[in-house]
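>>> test case, fold it:
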Amino acid sequence: MSIITRVHNKGLQINAWVAKLSATFRQFPFIRISWHSIGRFLPVLFAVSFTAVVLGNFTPATAQIPQSPRQEIRGVWLTNNDFDIMKHQAKVQETMAQLRQLNFNTVYPLVWNDGYTKYPSEVAQQLGIPFFFKGAEGQDVIADIISQSRRQGLLAIPWFEFGFMVPLTSELASARPNWLTQKQDGTQTSITAAGEVAWFNPFHPEVQKFITDLVVEVITKYNADGIQFDDHMSLPVDFGYDSYTIKLYTEETGNPPPSNPQAQAWVQWRADKITAFMQRLHQAVKQRKPNAIFSVSPNYYDFAYKFQLQDWLNWMRLGIIDELVMQVYRNDLDAFISQITRPEIVETQQYIPTGIGIMAGLRNRPVSIQQIQSQVQAAQARGLGAVFFYYESLWEEAPEPVEERQAGFLKVFANSALRDTSQITRRQPTFDTLTVPLYTKGSGGQAGRGYYLEVSLGGDRPRRILLDTGSAGLRVTKEFLGNVPVQKTGQIIKEVLSDGTILEGELVYTTMRIGLLATEEPIPVQVVTSRKCIPQKPNCSAKGGAAFSGIIGVNYSEKTLPYNLLRKLPGNLSNGFIVTGNGGSNNNGSLTLGLTEKNRAGFKMASLKQQPAIASIPGNRWDSRLIGVCLTISGSATKNNCNSRMVTDTTARNGFVEFKSASLAGKLKSGRLRPENTVKVGIPNVLDYSLVPGNRDGFNAWNLNISKEAEYPILVNSGIGFFDKYDVLFDSGNGQQGFRVRN
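Here you go, the predicted structure:
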């Protein structure tokens, strides 16, 4: 089917639905319902669907797919409308018993919307937000629902419907105006099916604390089976132009937010910030109850990411979520099936229980039991569960008699399918491979060319630190470390870099995050308090007190602690990496974590020599100095000497050769080579690299050093300019380096 046909068909489906919904609104203006994201069906979404079709799917990474059975979700949301009848204890008891008889297994009671909680919250009361919802008998309705559901063997997962969304007129929004974010023109609200609403700033620490405190309160107060967030745990793409976010973005990137709210880097920065918050929220929940289900119910991925900054596929891949229920409110069965067969759903259901949110009807837009059955059966045929929006429309407000509706549900849920939360365990990230940017500028003002990786220590904000393929271990200054929590050892360690820089300082332990990947345990870090040059190399990087924020060394030839921290990445991500340069431009390079058959393609491999194991260092150790390297320098006595060793080093601004004997240098003296001293470096059948020495820093400048104290007769450091011509692969499992000519 052509793109035009697909767009046309999608437009017809959405416009027909919107027309019906608009008619419903006009006929029944008094209806007030917990709409659960029906706002995505507003007319503007025809354009959204067009964009989604044209741009295709986001695929941030490729995941390994294990084969294991998943529990089938059979659930229903309990909304504002449902609470009108759930106020009565007898009705709650009857409801849970009836759901159990029809082989449902999960209920999602509303606990947060409109800026208020549906339960007596100390967190909200401390902010002066009153609680006004009680049961008819004065009871805590949420406690009653959870108690009665457990009695029937149902899971009760409280549902945070509004997430970051809040009415502008609510008491909470009025009391905390600094918590709100805004559009570029200063507008603070957007129009949704819930009406005109404002949005809390997901990046503001006070907002994050408030949401976290509410969630932890629910888990603790009710020992709930889990917690669920829907598509409002997000931010519309037009928002984020408040003063707090502008300042934060500018500090971290060096530039103000772009005027185009859909600019890729601006979208990703905000989406990643929300993801990082969800990681911390997940951790807070699991600390209170490790087997609590961390559930999300978003829109389909293209829409969620591009227009709501909700990167839920990444959440799944990072191991944040334990359950997914994707909302698919469609009348047409073909349109419904096209959504539930999307690649991200196929991938997700291999790891966690996955269900589809199905519209069971609205008060003024009933849905037939035949449509419901056909959609449930389509989901079940693909190994997916079903959650219905909402309880009252199951059979209380429906086009068919109650008995017929209930018989219809029993037909699709013919057998019992109870769920067991004891199977909820901590999941490792499922990435096979992941690529993160390498920036051309660091956070500490280092001069000259380099590749900088964003690293966060101890939960602090990310900072850019120099990536070094010529050393091992994370080494930072006190200023870089700041006030993050560390475990001190009192042990002073020393490291000598390839350019002759001596780094000295205390060994401490703290957690680390690269991008959105966090270590599960504290890792060793050297806090550098002294930098100086060895006598043999007086012109090292420490000369003159040049700016330095730190180095993350990523080779596998550790001598002692700290070690290459890429070893501690989860799963396949720890088996090696690829450095892709920027061709000498101002564009970013990249670091690809995790080696796969696909990303190994095109590399020619050279073997490294294995080193003895060190008890405190995980994995195999390899001498990072390649052997059997052939070197020729015009005008010297070195002609195709293939007994040389070579280091590929991203931190060496200039390439250099170190000779142990002056006789190897011939007439050449220590210092910078001239253009007539053409350098050729090669490994048979692997690489053939040559350059004319010049003066442009970091590209073709090449130094020569003669030192009797040198460890080897000839050692070549190819310098950062080498990465302008070659992608370089480091294989920690097989002890190899790979080289691929860049086009």
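
>>> for the closest residue to residue 550 other than its chain neighbours, which residues are in contact?
Nearest residue to residue 550, sequence neighbours excluded (CB to CB, 6 or more residues apart in numbering): residue 476, at 3.4 Å. Quick note: C-beta positions are derived from backbone N, CA and C, even for glycine. Contacts for residue 476 (CB atoms under 8 Å, 6 or more residues apart in numbering) come out as 457, 465, 525, 526, 527, 528, 549, 550, 551.

>>> swap in residue 76?
With CB under 8 Å, 6+ apart, residue 76 has these contacts: 99, 104, 106, 107, 108, 360, 387, 388, 390, 391, 394.

>>> want to throw those into JSON lines with distance to residue 416?
Shown next, in JSON lines, are the contacts of residue 76 (distance: CB to CB, whole Å):
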{"residue": "99", "distance to residue 416": "12"}
{"residue": "104", "distance to residue 416": "10"}
{"residue": "106", "distance to residue 416": "13"}
{"residue": "107", "distance to residue 416": "16"}
{"residue": "108", "distance to residue 416": "20"}
{"residue": "360", "distance to residue 416": "21"}
{"residue": "387", "distance to residue 416": "17"}
{"residue": "388", "distance to residue 416": "18"}
{"residue": "390", "distance to residue 416": "23"}
{"residue": "391", "distance to residue 416": "20"}
{"residue": "394", "distance to residue 416": "18"}
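
>>> could you list which of these belong to strands?
Among the contacts of residue 76, the ones falling in strands (DSSP state E) are 106, 107, 108, 387, 388.

>>> what's the closest of those residues to residue 153?
Within these, the smallest distance to residue 153 is 10.6 Å, found for residue 106 (CB to CB).

>>> confidence score at the closest one?
As predicted, residue 106 sits at a pLDDT of 98.

>>> that older thread, from the ones in strands among the contacts of residue 76, pick the one nearest residue 428.
Set against residue 428, the nearest of those by CB to CB is residue 106 (25.2 Å).

>>> residue contacts, the closest one?
Contacts of residue 106 by CB under 8 Å, 6+ apart are 73, 74, 75, 76, 154, 155, 156, 157, 387, 419.

>>> just the ones of those residues in strands?
Per DSSP E, strands hold the following members of the contacts of residue 106: 74, 75, 76, 155, 156, 387.

>>> mind listing what the first one touches?
Residue 74 is in contact with 103, 104, 105, 106, 385, 386, 387, 413, 417, counting by CB under 8 Å, 6+ apart.

>>> what separation is there between the fifth one and residue 324?
Applying CB to CB, to the nearest Å, one obtains 10 Å for the distance of residue 385 from residue 324.

>>> cool, the first one as well?
Remark: distance between residue 103 and residue 324 (CB to CB) = 21 Å.

>>> kindly report the same for the last one.
Distance from residue 417 to residue 324, counting by CB to CB: 17 Å.

>>> again, but for the fourth one
Between residue 106 and residue 324 the distance is 13 Å, computed by CB to CB.

>>> do the same with the second one
Taking CB to CB as the measure, residue 104 falls 18 Å from residue 324.

>>> and residue 254, how many neighbours does it have?
Residue 254: 11 surrounding residues under other CB atoms under 10 Å.

>>> one step back: nearest to residue 380 among the ones in strands among the contacts of residue 106?
The closest of those, once distances to residue 380 are taken by CB to CB, is residue 74, at 9.8 Å.

>>> so what pairs up with the closest one in the strands?
Taking DSSP bridges as the rule, residue 74 bridges to residue 386.

>>> okay, the spatially most central residue of the chain: pLDDT?
Closest residue to the average C-alpha location of the chain: residue 516 at 4.4 Å, with CA atoms, centre = their mean. Looking at residue 516, its pLDDT is 88.
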